[in-house]
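Peer 1: next one to model:
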Amino acid sequence: MECQNFEKEHKNEMRAVQDSMDVLNGKWKISIISSICYYNKRRFSDILGDIDGISNKMLSKELKELELNKLVKRTVLNTQPVTVQYELTAHGKSLKTIINNLTDWGKKHRQEILGK
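Peer 2: The predicted model follows:
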């Protein structure tokens, strides 16, 4: 009986990991979230400049998906020309700890592998 409970809980944990990965999957989403997270509010062109190799089309697609998943809020400002600004929602801000942990791990990993 105890083994069955452990197995059920393990499956629930794995499902939660998969759910997270389904939302954050792909090459760019974590980088986009990081860009917005570090600056609080970012314009499209700012995010584009922060992330090496991402195209306009891909950034637009990824931002729309992040918006659909309620991680990013898009605001159109009444300026000439029109300015679009992105910020993390309260739900998106809950990823800040994960972003900080990934940053710390990445620095340590670079040190471990490259000695830099």
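Peer 1: give me the buried positions along the longest helix anywhere in the chain.
Peer 2: For the chain, the helix that runs over the most residues, judged by DSSP state H, is helix 2-24. Buried residues in helix 2-24, counted by 16 or more other Cβ atoms under 10 Å: Leu24. The C-beta positions use only the backbone N, C-alpha and C, and glycine is treated the same way.
Peer 1: run the chain-centre distance for stretch 38-56.
Peer 2: 12 Å (Cα atoms, centre = their mean, to the nearest Å).
Peer 1: which residues sit against it?
Peer 2: With contacts defined as Cβ atoms under 8 Å, 6 or more residues apart in numbering, stretch 38-56 is touched by 28, 31-32, 35-36, 59-60, 62-63, 83-88.
Peer 1: elements contacting the longest helix of the chain?
Peer 2: helix 29-39 (3 or more Cβ pairs under 8 Å, 6 or more residues apart in numbering; DSSP states H and E).
Peer 1: tell me the angle the helix it packs on makes with helix 2-24.
Peer 2: Angle of helix 29-39 versus helix 2-24, following axes from the mean of the first three to the mean of the last three Cα atoms, to 10 degrees, is 70 degrees.
Peer 1: what's the mean pLDDT across the helix or strand following helix 29-39?
Peer 2: Sequence-wise, the next helix or strand downstream of helix 29-39 (DSSP states H and E) is strand 41-43. For strand 41-43, mean pLDDT rounds to 95.
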